[in-house]
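A.B. asks: A structural model of the following input is requested.
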Amino acid sequence: IHTCAAFLDCGLPNFIEERLDVTTLPAFMVEALKDGAKRWPLQPHSTMLDALFDSPKLKAMASFQDLYVGLEPYNNEHQLGGGVLQ
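C.D. replies: So this is what the prediction gives:
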């Protein structure tokens, strides 16, 4: 929950609204880099889910909406950044 809150608090103003809010960056970086950066948002979602969940059902539950917003849920070795950067 803390990770989601930090990502939303930082992502909404800085990336969605394109309004610089540096006060949210420290919490974002702490959450993104803890536990060996397994929650780093600029990686394929499947890589993050593999690091967080062992159960295929939990991974499916956490990734089913990726396709709705046009994200590639699986790592693609043939694209820059595994498919995150296009």
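
A.B. asks: Low-confidence regions, this structure specifically.
C.D. replies: 71-76, 79-86 (pLDDT under 70).

A.B. asks: could you point out the longest helix in it?
C.D. replies: Across the chain, the longest stretch assigned as helix under DSSP state H is helix 25-37.

A.B. asks: Please report how far the residue nearest the centre of the chain lies from residue 57.
C.D. replies: For the chain, the residue sitting closest to the mean C-alpha position, by C-alpha atoms, centre = their mean, is residue 41 at 3.0 Å. Distance of residue 41 to residue 57, given as C-beta to C-beta, to the nearest Å: 23 Å. (Each C-beta comes from the backbone N, C-alpha and C, glycine too.)

A.B. asks: now do residue 31
C.D. replies: Residue 31 is 25 Å from residue 57, where distance means C-beta to C-beta.

A.B. asks: about what we covered before: now do the longest helix of the chain: which elements does it pack against?
C.D. replies: If you count contacts as 3 or more C-beta pairs under 8 Å, 6 or more residues apart in numbering; DSSP states H and E, helix 25-37 packs onto helix 2-11.

A.B. asks: Give me the buried positions along the helix it packs on.
C.D. replies: Using 16 or more other C-beta atoms under 10 Å as the test for burial, helix 2-11 gives 3, 6, 7, 9, 10.

A.B. asks: Residue 68: which of those is nearest?
C.D. replies: The closest of the buried residues of helix 2-11 to residue 68 turns out to be residue 7 (C-beta to C-beta; 18.3 Å).

A.B. asks: show me what contacts the closest one?
C.D. replies: 28, 31, 32, 41 (C-beta atoms under 8 Å, 6 or more residues apart in numbering).

A.B. asks: Ok, residue 30 next?
C.D. replies: Taking C-beta under 8 Å, 6+ apart, we find residue 30 in contact with residue 6.
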